[in-house]
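Peer 1: Quick one, fold the following:
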Amino acid sequence: MWATYFLLLPDVQPSDYVIAPIGSLLLGGIFGLTALHERRRQRRLRRLGLWDGS
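Peer 2: Got it, this is the predicted structure:
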């Protein structure tokens, strides 16, 4: 989505066609790893009995 928005802006440079997908993958990777870390943290807390899920 960000790549599409980025490429629809006026005055698009040829290098933007490389930067947009790479930036989108990088941001998606960061958010994905953050979600993975949070899910692992919740599973560990639930296993230890320190978190009830609320």
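Peer 1: distance from the centroid: which residue in the protein tops it?
Peer 2: Distance from the centre of the chain peaks at Gly49, with 29.3 Å (C-alpha atoms, centre = their mean).
Peer 1: do you know how far that one is from Glu38?
Peer 2: Gly49 sits 19 Å away from Glu38, going by C-beta to C-beta, to the nearest Å. (Glycine included, C-beta is placed from N, CA and C.)
Peer 1: try Ile19
Peer 2: 28 Å.
Peer 1: For these two, indicate the residue with more neighbours.
Peer 2: Using other C-beta atoms under 10 Å, the more surrounded residue of Ile19 and Glu38 is Ile19, with 13 against 10.
Peer 1: In terms of helices and strands, where is the more buried one?
Peer 2: Using DSSP states H and E, Ile19 maps to helix 16-48.
Peer 1: Work out the gap between that helix and the centre of the chain.
Peer 2: 5 Å (C-alpha atoms, centre = their mean, to the nearest Å).
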